[in-house]
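>>> give me a 3D structure for the following:
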Amino acid sequence: TNGVFEIVVKKPQGPSPTAQEAIWTIDLKKAGKVTKGKAPAGTKADVTITMDDETFVDLASGKLNGQKAFMSGKLKTRGNIMLATKLDGVLKVRCTLVHTCNVEPAGPS
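The predicted structure follows:
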């Protein structure tokens, strides 16, 4: 997979009038790393994928397929939709590495 993913995860609206969101950039084109926030200067996301936090957890854990999430409206894309279809594989590799290496995922920031 050769591209830059920008993942936007929105928390469902609660008592506050606006939803909160978190953004991560997965750069598999140049740097091969994940950063919190929008793509750094000089790097442009090839695809932006937006979903709520429950959908993200289900995708990351393998409970939900990315194509099904897209078709049901749980996941929205902007940009290279063909690259977006590879998100499942990217998340599976990450989860395998975390569990195999016995590394705990980072907690909420």
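>>> using the three-state scheme, assign I26.
What DSSP: H, G, I helix; E, B strand; the rest coil gives for I26 is strand.
>>> which SS class is the residue nearest to it when sequence neighbours are not counted?
In space, and not counting its chain neighbours, I26 is closest to F5: 4.2 Å by Cβ to Cβ, 6 or more residues apart in numbering. For every residue, glycine as well, the C-beta is placed using N, CA and C. Assigned with three-state DSSP, F5 falls in the strand class.
>>> again, but for the one 3 residues further on
What three-state DSSP gives for V8 is strand.
>>> any idea of the pLDDT on the residue lying closest to it once chain neighbours are set aside?
Nearest non-adjacent residue to V8, counting by Cβ to Cβ, 6+ apart: T50, 4.3 Å away. Note on T50: pLDDT of 93.
>>> ok so, going back, so what's the residue nearest to I26 up against?
T25, I26, L28, A45, D46, V47, I49, L83, A84, L87, V90 (Cβ atoms under 8 Å, 6 or more residues apart in numbering).
>>> pLDDT wise, what is it at?
91.
>>> that one pairs with what?
Beta-bridge pairing for F5 (DSSP bridges): I26, V47.
>>> with adjacent residues omitted, what lies nearest to K11?
Distances taken as Cβ to Cβ, 6+ apart place Q20 nearest to K11, at 4.6 Å, with adjacent residues excluded.
>>> verify the contact between the one you found and V9 for me.
No - Q20 is not in contact with V9 according to Cβ atoms under 8 Å; the separation is 9.4 Å.
>>> show me the helices in this protein, by range?
53-61, 66-71, 81-84, 87-100 (DSSP state H).
>>> flag the shaky bits of the chain, pLDDT-wise.
Across the chain, the ranges flagged by pLDDT under 70 are 1, 12-19, 92-109.
>>> okay then, goodbye and thanks.
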